[in-house]
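> pasted the sequence and its predicted model underneath.
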Amino acid sequence: MIYFDNSATTMIHPEVVEAMLPYLKEEFGNPSGKYYRAAENARKAVENAREQVAKLLGCQTDEVVFTSGTSESNNMVLKGMIDPLQRMDAHFVTTKTEHPSILETAKYLQSRGCNVTFLEVDRFGRVRLEQLKDVLDQKPTLVSVIWGNNEIGSLNPIREIANLCESMGVPFHTDATQVVGKLQVNMEVDRIRFLSCSAHKIHGPKGIGACVIRKNELGIRTKLTPLIHGGGQEGDYRSGTLSVHNIVGFGKAAEIALKDLVKTSNHLRQLEEVLVDRLKSLFPGVVHFNSDTKDKVPGIVNVRFSGVNNELLLKKLADRVAMSTGSACSSGKPSHVLESIGLQLDQIRQSVRISLSRYNTLDEVEAFLAILQGG
């Protein structure tokens, strides 16, 4: 099968599997244990992985909090910052093109009395900075803007947004799931307060991710009310026995992603360029692109085939090609992202997302195009 659904999940890297195996077999200790060797080995492995993830994200090691993935990290920041306030003046600002784990949490907060502003976006799903500036004058409790859109790949100007928020004293969070491992991330330079990401988008294991909580100039991290209370693991941010094997896998995936960052980005851009050019030449007048051609995550292409129902196309190709109609977390629903950028329902139902990875090849692109031509 040609696997072109890498925005949903990626194939685990063989070196990641190799790194994890000892912690599924002989190294089974609980890192919260004390003194004995198995616990110490587990603790050291967790801290080594934390350092590997921190290097990839451009933050300090003790700013990395391990979670089950981006959805939990997003919930952790939003609910941890806003829900415990129980104040009538709580105000959360986000966009209409966020991942469902942001949008559904925003709706929950709204139901609890929080004032929520959903910012409009432009033709390619990017925040309108003038509108954001107007909202920042209201000093909201938290702003969250996705870095790279998971359906159409558009990049928001995160550094500019983060600096705007910081200048107004407003905490800023970004879901960076689709950017990490494809583009350079440096939270210190970009002035991002909170960041969410998942290991399985960078050829790591499922069920593990990170919520990065940067410290202020006094070396103090923002206090969040935790989603999970208990033994106080992860600096009291996220209690529960740590999944050592998954954390080790995440660390190894982060190490590989950082080492191969430029190579991976260039490879994805090359594949995307060939794919887009060949689609245009083979299907003139039929193919239309919902994705921008610049300022985007490399390897994510959202394309509309006029007159072709996307669900029927995916089912017809299911034995040979893996693609999607959009976010795996909102499967079965028309894309809210495509609706927000102005597409009509019939256009949304003709659109598919092709998302590439380091393991895809030019031969696979050509094979995919041949399949499309052959029906």
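That came through fine. From a predicted model like this one, the values you see are computed outputs, not experimental measurements.
> show me which positions of the helix or strand hosting residue 267 end up buried.
Taking DSSP states H and E as the criterion, residue 267 maps to helix 261-282. Neighbour-count burial for helix 261-282 flags 261, 264-265, 267-268, 271-272, 275-276, 278-279 (criterion: 16 or more other CB atoms under 10 Å). In this view, the C-beta of every residue, glycine as well, is placed from N, C-alpha and C.
> just checking, what packs against that helix?
Where contact means 3 or more CB pairs under 8 Å, 6 or more residues apart in numbering; DSSP states H and E, helix 261-282 is packed against strand 287-289, strand 300-305, helix 362-374.
> re the thing from before, redo the buried residues of helix 261-282 as CSV? Include pLDDT and distance to residue 20.
Formatted as CSV, these follow (pLDDT from 0 to 100; distance: CB to CB, whole Å):
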residue, pLDDT, distance to residue 20
261, 98, 22
264, 98, 21
265, 98, 26
267, 98, 25
268, 98, 25
271, 98, 28
272, 98, 31
275, 98, 32
276, 97, 36
278, 97, 38
279, 97, 38
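> list the contacts for residue 323?
4-5, 314, 317, 352-354 (CB atoms under 8 Å, 6 or more residues apart in numbering).
> show me what the mean pLDDT comes to for stretch 100-111.
Across stretch 100-111, pLDDT averages out at 95.
> all strands of the protein, in order?
2-3, 64-67, 91-95, 115-119, 142-144, 172-175, 194-198, 209-213, 287-289, 300-305, 321-322, 351-355 (DSSP state E).
> most packed of those?
Comparing the strands of the chain by mean neighbour count (mean count of other CB atoms under 10 Å), strand 194-198 comes out on top with a mean of 29.
> so what's residue 238 up against?
Taking CB under 8 Å, 6+ apart as the test, what residue 238 contacts is 65-67, 76, 211, 226-228.
> same question for residue 326.
151, 335, 337-338, 351, 353.
> how does it look with 6 Å?
Going by CB atoms under 6 Å, 6 or more residues apart in numbering, residue 326 touches 151, 335, 353.
> could the strands of the chain go into JSON lines alongside distance to residue 12?
Listed next are the strands of the chain as JSON lines, based on distance: least, CB to CB, whole Å:
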{"stretch": "strand 2-3", "distance to residue 12": "13"}
{"stretch": "strand 64-67", "distance to residue 12": "18"}
{"stretch": "strand 91-95", "distance to residue 12": "31"}
{"stretch": "strand 115-119", "distance to residue 12": "35"}
{"stretch": "strand 142-144", "distance to residue 12": "29"}
{"stretch": "strand 172-175", "distance to residue 12": "22"}
{"stretch": "strand 194-198", "distance to residue 12": "13"}
{"stretch": "strand 209-213", "distance to residue 12": "15"}
{"stretch": "strand 287-289", "distance to residue 12": "30"}
{"stretch": "strand 300-305", "distance to residue 12": "20"}
{"stretch": "strand 321-322", "distance to residue 12": "16"}
{"stretch": "strand 351-355", "distance to residue 12": "16"}
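> I appreciate the help and will end here.
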